[in-house]
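# Quick one, structure for this:
(chains A and B)
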Amino acid sequence: MSFKRLWAILKARNYEFFRDHSAFGWNFLFPFLLVAGFGIIFGGKTYTEYKIGVFPSESKQVSIAELNIPQRFKDMQYLKFIGFPNAAEGLEKLKHHRIDFLLKTGNGPHQYWVSDASPKGYVVEQMFKASLFPAENTLNAEKKEIQGSAIRYIDWLFPGILAMNMMFSALWGVGYVVVRYRKNGVLKRLKVTPLTAFEYLTAQAISRIFLLMFTLVIVWTGCDLIFSFNVQGSYIDLFVIFFLGSLSLTSLGLVLASRGTSEEFTTGILNFISWPMMFLSEVWFSLEGAPGWVKIFAKIFPLTHMLTAARRVMHDGAGLIDVGQEIMILSLMTLGFLTLGASLFSWNK
Amino acid sequence: MQPILEVRNLVKKYNQLVAVDGISFALRKGVCFGLLGPNGAGKTTTIEVIEDVIPPTTGEILYQGKSRSPSFKEEVGIQFQSTALLNLLTVRETLQTFQSFFTKTITIEELVELCRLGEFLDQYNDKISGGQRQRFLMALALINRPELLFLDEPSTGLDPQARRNLWDLILGIKAEGKTIILTTHYMEEAQYLCDEVAIMDYGKIIAQGSPDELIRQYSRGITVVLPRERYALKANSFPLPVREVKDTIEIKTDDINQCLEQLISHDVDLSDISVRSPNLETVFLNLTGRKLRE
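Down below sits the predicted model:
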């Protein structure tokens, strides 16, 4: 291997990326916008989970204070009340799941409508029923506080968004770019020079990993200034985990880049891999309670292991030894993907 | 003297299609060798197999008497018919990048001088004109001081002036003693640049030799052309063979003096006469019954 050749192609790839200002800017802006967007949605007081239609009402905007419905229902959190002039209009929205619950205002006995097909409707119904019990009823339950500091939703979501961004950047930035270069003949031109496939692919991977880590630091710092993330463990451990994760994702990108000259086909394959990975790696929601086979299936994705380890460090203060299993799996995946990618690689087909 | 390159019974098949059908040739050091033929004749496939871009189906390729080793890439220069390059790099940066790939290299200053790159050296490599691009690609092919240079249709798409400039550049390279293989479907290019030509058709070499030899062997005779509407020459009243081709009449002759005397004796006004010497185009026409660019 020649470091001179490796360095030359690495430099050329970095020039290409940094000079493509729109792609470069978007790489930073996209995760930042996602985090900021979710911060506004989930962090503020305006967030509503359930939509309640009330009628008769002259306008859609209703003043909760003036609504003639049970006081304790009004006081509940995460509810949004939307006015309808009559039952028919409200029922139309309920039928199409635009609202979760429809309630006729006035003194009791109260009338309400709910769709049997709506899980959210069921929950609101139980909330509504509970609000009708007299306040003096004592509950046969006692609320206990969670020990330690609570994990805010944004703290839980943030590593997921960063990891997801890394995944897309690694797969598309390597997979798609190399296939495009194969299609337009750049790889063919490089093939007839002494540059080896190993040198070329290593340069692509290093360039992408550098970019991923650079983006990680910038976006993390930027978002931290706004949201003040609560990190229990060590930042160095987090960095190591994200580094290993980006290594394995980039290596997976190299496998996808190893063959093919059709950008359309590669796009399909990239979507085929990245979408299930995005949904099953607990980026957006936990798989707790999902069927066992789904949880096992999710373990084939490097993103799952990176995220599990990162969240444990961030939320539980785990060290690298505590997440040793994830680190080992990520390392083995990297090795496997690199071997596969290198053995399948072709310059021109 | 040992040939610098020898190709023996080269065959390249794509499923049922035989792109190159058992061709053989050898190149002496310092010659400019042209593979001439119409589009689809197998010229590009032949040189891409020799360049080691694609593997042969069967056959043998010897460089300096031996099979090609990894050092082959260090010693040859290649210009493809169409090449995309690394995006968002200037001409200078692209040259520097390619320079780093090789052990023995020419300086950027020498390349700028040789290929006249000065005026666009700091422009992005995809923001230059067609003629500039061909000179730049030539510079890339020369960056490792190659002994053997492959040029695949180097002047396709260039205007006459840019083509002439490129030819001068190739002649300059040839004068340095480099061996050149070029493919072309321009017979005037082959005739102007090549010491030796192989005419390819349907994957086979149908004739090989120097342009003069080929013309002597396959295209005897000079053609005299006259506009038809003004000269009602009757084929049976004229002693030489007369052929009507579109708006002209053509007379083939081995003796131009005798032909002209006959025309004058038949009271033909020679003001609009044109005389065509045989060339590689007529060689190809005589060999295949088709024109090169049909």
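
# those helices in chain A, which residues are they?
Under the criterion DSSP state H, chain A contains helices at A:3-19, A:21-43, A:71-74, A:87-95, A:119-132, A:153-170, A:177-183, A:186-191, A:197-227, A:235-257, A:263-280, A:292-298, A:302-316, A:324-344.

# Could you do the stretch 101-250 of chain B as well?
B:108-115, B:130-142, B:160-175, B:187-193, B:211-218 (DSSP state H, counting those that start in this stretch).

# and chain B, which residues reach chain A?
Contact residues (Cβ under 8 Å from any Cβ of the partner chain) of chain B with chain A: B:51-54, B:70, B:73-74, B:76, B:78, B:80, B:82-89, B:93-94, B:96-98, B:100-103. For every residue, glycine as well, the C-beta is placed using N, CA and C.

# and those residues, which of them are in strands?
Residues of the residues of chain B next to chain A located in strands (DSSP state E): B:76, B:78.

# what about the residue lying closest to residue A:104 once chain neighbours are set aside, how many residues close to it?
Leaving aside its sequence neighbours, residue A:104 sits nearest to residue A:111 (Cβ to Cβ, 6 or more residues apart in numbering or on different chains; 4.3 Å). Neighbours of residue A:111 under the rule other Cβ atoms under 10 Å in any protein chain shown: 11.

# Was I right to think residue A:111 contacts residue A:102?
No. With contact defined as Cβ atoms under 8 Å, residue A:111 does not reach residue A:102; the gap is 9.0 Å.

# Give me the pLDDT for the residue nearest to residue A:104.
Listed pLDDT for residue A:111 reads 90.

# which residues does the residue lying closest to residue B:277 once chain neighbours are set aside form a beta bridge with?
With Cβ to Cβ, 6+ apart as the criterion, residue B:277 has its nearest non-adjacent residue at 6.0 Å, and that residue is residue B:222. Beta-bridge pairing of residue B:222 under DSSP bridges involves residue B:253.

# Mean neighbour count and mean pLDDT added to the helices of chain A, as TSV?
Converted to TSV, the helices of chain A look like this (neighbours: other Cβ atoms under 10 Å in any protein chain shown; pLDDT from 0 to 100):
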stretch	mean neighbour count	mean pLDDT
helix A:3-19	17	92
helix A:21-43	15	78
helix A:71-74	15	87
helix A:87-95	16	90
helix A:119-132	16	90
helix A:153-170	22	88
helix A:177-183	21	91
helix A:186-191	22	94
helix A:197-227	18	89
helix A:235-257	23	94
helix A:263-280	15	90
helix A:292-298	12	89
helix A:302-316	24	94
helix A:324-344	16	93
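
# of those, which approaches chain B most closely?
Closest to chain B of those, according to Cβ to the nearest Cβ: helix A:3-19, at 3.4 Å.

# Show me what the closest one is packed against.
Packing contacts for helix A:3-19, counted by 3 or more Cβ pairs under 8 Å, 6 or more residues apart in numbering or on different chains; DSSP states H and E, involve helix A:21-43, helix A:197-227, helix B:91-101.

# Quick one: distance of it to the chain centre.
31 Å (Cα atoms, centre = their mean, to the nearest Å).

# Pull the residues that contact that helix.
With contact meaning Cβ atoms under 8 Å, 6 or more residues apart in numbering or on different chains, helix A:3-19 is reached by A:23-24, A:173, A:190, A:194-196, A:199-200, A:202-204, A:206-207, A:210-211, B:86-89, B:93-94, B:96-97, B:100-101.

# does residue B:200 really touch residue B:208, like I thought?
No. Residue B:200 is beyond contact range of residue B:208, at 9.6 Å (criterion: Cβ under 8 Å).

# Comparing the two, which shows the higher neighbour count?
For residue B:200 versus residue B:208, the count of surrounding residues by other Cβ under 10 Å is larger for residue B:200: 26 against 17.

# how about the residue lying closest to that one once chain neighbours are set aside, what does it touch?
Of all residues not flanking residue B:200 in the chain, residue B:37 sits nearest, at 3.6 Å (Cβ to Cβ, 6+ apart). By Cβ under 8 Å, 6+ apart, the contact set of residue B:37 is B:43, B:183, B:185, B:199, B:200, B:201, B:284, B:292.

# I'd like to know how many residues surround the residue in the stretch 51-200 of chain B positioned nearest to chain A.
Chain A sits closest to residue B:100 of the stretch 51-200 of chain B, with a gap of 3.4 Å, by Cβ to the nearest Cβ. Each residue near residue B:100 was counted by other Cβ under 10 Å, and the total is 20.
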